[in-house]
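**Q** Sequence unavailable; structure follows:
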């Protein structure tokens, strides 16, 4: 065994690594340990009650109204209990200063709750006393964040806070100087109102995120994680490179349970990484596969981590729309990762595990059939539910609950027919792959909470919080009863006694869920300071101008700048905090710059762009925490693991740039038929891109083949680029003919209007592309009124008066100065031209791909007899 392999951490050390990152490295025993566990349990109970439909009846109104303060109080107190302040701090007991910091921090977090009446009487503003208490609260929040999140988050928040206080100083450059704020005004904004710490981000953490984190913790406690991994290995472990392929699929499934990249790596990696090494993967490559697949668990719907819920608030769309837009990039990203693993296995002629006869087609067909069948089951649930509701409108809830209980008991009965699944030893001399046909019955009932979650989210369109509540409530029942029911069906003595084991599992799962939420609660609260600074000072516009200056107005350079910023900030921030910071500063800039460049970039596309690069920070050296965790499991070099994982994640880097310019990938404004075509071509495109970056298709690529494959991938992802070179996508209309064109256009069609005029802040003349959907009213004047246009013709110039405040057009043109010397005018009008379908570009691209496949097949080394493909 090499020296590197001997450095692999033990199971106990790995769990300590996860705990230190996700739930706190300190676990005192005795009465103090019980007290901390009780506080965490109370936090979980409070959050479950808060999300329940009976919350208004069980909880006082002031608790509900101040739930953000209570949420933060729990997080600050538990941070002091669970996370040591210094490296030298004890791990087995809590020193006096941590008790003091925890209690004081919780009290100050609840300050707005305790003194609510006084603050209301002051009009929501802080008086001198409030301001000093608020400042103390910020300091204690910084200390708690430092414990849990490290110094970067705190330093970033302090820099922004310094700008609030000292941004008016003459030492600050004129370009970013502002009027400044008094202590009272700043503390009112940051601590007393809902603009800063207690803003949208902490509200999302309180309302939605906690329940989803708890859902994952309980599902894992029930045994779903081990079941998913076993199923993945049973289905894919026999293929060439099978352990790595199983790691990808298993991590995608456990990503549903855990929103933590590090926990994902350790949970699945302790089994998958040793097996990958056994079939020929180096320690670094084995760790990299696990990192790439585990980190991408955060982009996998229907549970995408805290950032997805923040998008709901920031973008102003439903959670269903968010996961719909995120679905296709996530799926094809995982398909590409499986293909990467396959190519690595083929290039290195890796052996297979076990003696199972390989039928690759049946395996792929079976995996596709399972996922398609599960999706169809989730969708079809609405029909029997609809029938029952229509037949028994008054008692449908009770009937459906009983029916769900019967199904659950039936599935547990099936599970009881086989022994419980035990984790395998990856270092055993002989590795026995699970037989899917035998083990699948053991965990079918784990799918019920997921079906309930998807049903309420996608079919009933309930809020994410309420959907997670019902799914979590079902998990309560599963954890409490699964062991007793199995014991009863197996004929064991006294099965009722197993209820105590189920109760302990439930309590431990709720405690784990609360401890996993400490970091997210503090991240969203601390990031609120940055968001509050942007809203208080207007620094966002200054940053926008600065970034625009650096990029020279080039959208691609701007996107690269945003990507790099996300990666740099992500080195010290968790994904959620990174997303909040970068989206607060950069999203509006990208959208505006896109409009100035003539590209209409949907807001959700930019938010997903930021999100993707935020999670990439967990991979990227020198601080990629997931890469360090994988190296701890594999015994490989952490830096090399990080760079290899980043290389494997190139498709995750490329996809955000693609869907900014081709929003079809986000399923925006596409029909079902178009969506199917996009899925097929995007899948082929990502596989071709992967073959190019791995320098291997059917055999090793020649240079021209790699270049051609990259061009094919580009054509499949952005066929419109090539079609626009053949036929212009728009007909240009003179500004003077705008009203006439608007009046004759078909209702629902789109006109792209380029508006020119002086910028409100800089007075420099700029252009902005505004897409206009033609209203369904008759006549040009009526349509102008419906859109909010007020045109004042001055010769050939179509001058615009300022639109009504609060209208869609008014918001779009808010950055123009309508009262300067230079007019705000219609510079040009573009109407959608009759263009050939862009999908025609797929034909030459696929023909070129077929040619490369033919040429490579002729020189590919044939598989020797007895080998498996």
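**A** Done, it's in. What you see is a predicted model; the values in this text were computed from it and never measured.

**Q** can you map out the strands along the stretch 701-850 of the chain?
**A** 730-733, 750-758, 765-773, 791-794, 797-800, 825-832 (DSSP state E, counting those that start in this stretch).

**Q** For residue 658, find the nearest of those.
**A** strand 765-773 (20.7 Å; Cβ to Cβ). In this view, the C-beta of every residue, glycine as well, is placed from N, C-alpha and C.

**Q** For that closest one, what is the distance to the chain centroid?
**A** Computed by Cα atoms, centre = their mean, to the nearest Å, the chain-centroid distance of strand 765-773 equals 31 Å.

**Q** Averaged pLDDT, that strand. What do you get?
**A** Regarding strand 765-773, the rounded mean pLDDT is 84.

**Q** if we can go back for a sec, adding distance to residue 511, write the strands of the stretch 701-850 of the chain out as JSON lines.
**A** As requested, the strands of the stretch 701-850 of the chain are arranged in JSON lines below (distance: least, Cβ to Cβ, whole Å):
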{"stretch": "strand 730-733", "distance to residue 511": "59"}
{"stretch": "strand 750-758", "distance to residue 511": "53"}
{"stretch": "strand 765-773", "distance to residue 511": "50"}
{"stretch": "strand 791-794", "distance to residue 511": "64"}
{"stretch": "strand 797-800", "distance to residue 511": "60"}
{"stretch": "strand 825-832", "distance to residue 511": "57"}
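
**Q** TSV for the ones you listed, including mean neighbour count and distance to residue 394?
**A** Shown next, in TSV, are the strands of the stretch 701-850 of the chain (neighbours: other Cβ atoms under 10 Å; distance: least, Cβ to Cβ, whole Å):
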stretch	mean neighbour count	distance to residue 394
strand 730-733	15	57
strand 750-758	20	47
strand 765-773	17	43
strand 791-794	12	58
strand 797-800	20	57
strand 825-832	19	52
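
**Q** Which of the ones you listed sits closest to residue 143?
**A** strand 765-773 (44.6 Å).

**Q** Of the strands of the stretch 701-850 of the chain, give the one that comes closest to residue 408.
**A** strand 765-773 (47.6 Å).

**Q** relative orientation of the closest one and strand 825-832 in degrees?
**A** Interaxial angle, strand 765-773 versus strand 825-832 (axes from the mean of the first three to the mean of the last three Cα atoms, to 10 degrees): 40 degrees.

**Q** Please name the strands paired to strand 765-773 in the sheet, noting orientation.
**A** Using DSSP bridges, the strands paired with strand 765-773 are strand 750-758 (antiparallel).

**Q** What is the neighbour count of the residue nearest to residue 599 when sequence neighbours are not counted?
**A** Once flanking residues are discounted, residue 599 sits nearest to residue 555: 6.4 Å by Cβ to Cβ, 6 or more residues apart in numbering. Neighbour count for residue 555, taken as other Cβ atoms under 10 Å: 19.

**Q** And residue 689, how far from residue 682?
**A** 10 Å (Cβ to Cβ, to the nearest Å).

**Q** what about the longest helix in the protein?
**A** As assigned by DSSP state H, the longest helix anywhere in the chain is helix 498-537.

**Q** tell me the angle whatever helix or strand comes next after that one makes with strand 765-773.
**A** Remark: after helix 498-537, the chain's next helix or strand is helix 539-551, criterion DSSP states H and E. Put simply, helix 539-551 runs at 110 degrees to strand 765-773, going by the same axes, to 10 degrees.

**Q** got a list of contacts for helix 539-551?
**A** The contact list for helix 539-551, computed with Cβ atoms under 8 Å, 6 or more residues apart in numbering, reads 160, 163, 167, 175-176, 178, 533-534, 557-558, 561-562, 584-586, 588-589, 592-593, 761-762.

**Q** Among those residues, which are located in helices?
**A** Using DSSP H, the contacts of helix 539-551 in helices are 160, 163, 533-534, 557-558, 561-562, 584-586, 588-589, 592-593.

**Q** still on that earlier bit, okay but the residue nearest to residue 599 is in contact with residue 592, surely?
**A** No - between residue 555 and residue 592 no contact is recorded; they are 10.3 Å apart, counting by Cβ atoms under 8 Å.

**Q** quick check: domain ranges of this structure?
**A** Listed domain ranges for the chain are 8-202, 730-832 (source: automatic domain parsing).

**Q** Would you pull up how far the first one lies from the middle of the chain?
**A** I take that to be domain 8-202. Distance of domain 8-202 from the chain centroid (Cα atoms, centre = their mean) equals 23 Å.

**Q** Quick one: the helices in the stretch 101-250 of the chain, in order.
**A** 111-114, 116-121, 128-149, 151-166, 183-187, 200-204, 210-222, 224-236, 242-254 (DSSP state H, counting those that start in this stretch).

**Q** Which residues does the host helix or strand of residue 377 contact?
**A** Assigned by DSSP H and E, residue 377 falls within helix 360-380. Outside of helix 360-380, the residues within contact range by Cβ under 8 Å, 6+ apart are 235-236, 239, 249, 447, 451, 454-455, 458-459, 869.

**Q** Would you mind giving both backbone torsions of residue 690?
**A** Here is the backbone geometry of residue 690 (degrees, to the nearest 10): phi -60, psi -40.

**Q** Distance-wise, check it relative to residue 644.
**A** 15 Å.

**Q** likewise residue 680?
**A** 30 Å.

**Q** These two: who's more crowded?
**A** Neighbours per residue (other Cβ under 10 Å) separate residue 680 from residue 644, with residue 644 holding more: 24 against 12.

**Q** Can you report how many residues lie near residue 55?
**A** Around residue 55 there are 17 residues (other Cβ under 10 Å).

**Q** right, and it touches residue 65 too?
**A** No - between residue 55 and residue 65 there is no contact under Cβ under 8 Å: 11.5 Å.

**Q** So which residues of the stretch 601-750 of the chain form helices?
**A** Going by DSSP H, counting those that start in this stretch, the stretch 601-750 of the chain shows helices at 603-616, 625-634, 638-648, 650-661, 672-693, 703-717, 719-726, 738-744.

**Q** nearest to residue 436, of these?
**A** helix 672-693 (24.1 Å).

**Q** can you pull the contacts of the residue nearest to residue 599?
**A** Here residue 555 is in contact with 590, 593-594, 597, 599 (Cβ under 8 Å, 6+ apart).

**Q** Who wins on neighbours among the residues you listed?
**A** Using other Cβ under 10 Å as the neighbour criterion, residue 590 leads the contacts of residue 555 with 27 neighbours.

**Q** Look at the closest residue in space to that one that isn't next to it in sequence and say how many residues are nearby.
**A** Using Cβ to Cβ, 6+ apart and skipping residues adjacent in sequence, the residue nearest residue 590 is residue 606, 4.8 Å away. Neighbours of residue 606 under the rule other Cβ under 10 Å: 23.

**Q** Tell me which residues touch residue 606, please.
**A** Contacts for residue 606 (Cβ under 8 Å, 6+ apart) come out as 583, 586-587, 590-591, 660.

**Q** what do you get for residue 661?
**A** Residues counted as contacts of residue 661 (Cβ under 8 Å, 6+ apart) are 599, 718, 721.

**Q** Residue 827 against residue 733, yeah?
**A** No - look at residue 827 against residue 733 with Cβ under 8 Å: they stay out of range, at 11.5 Å.
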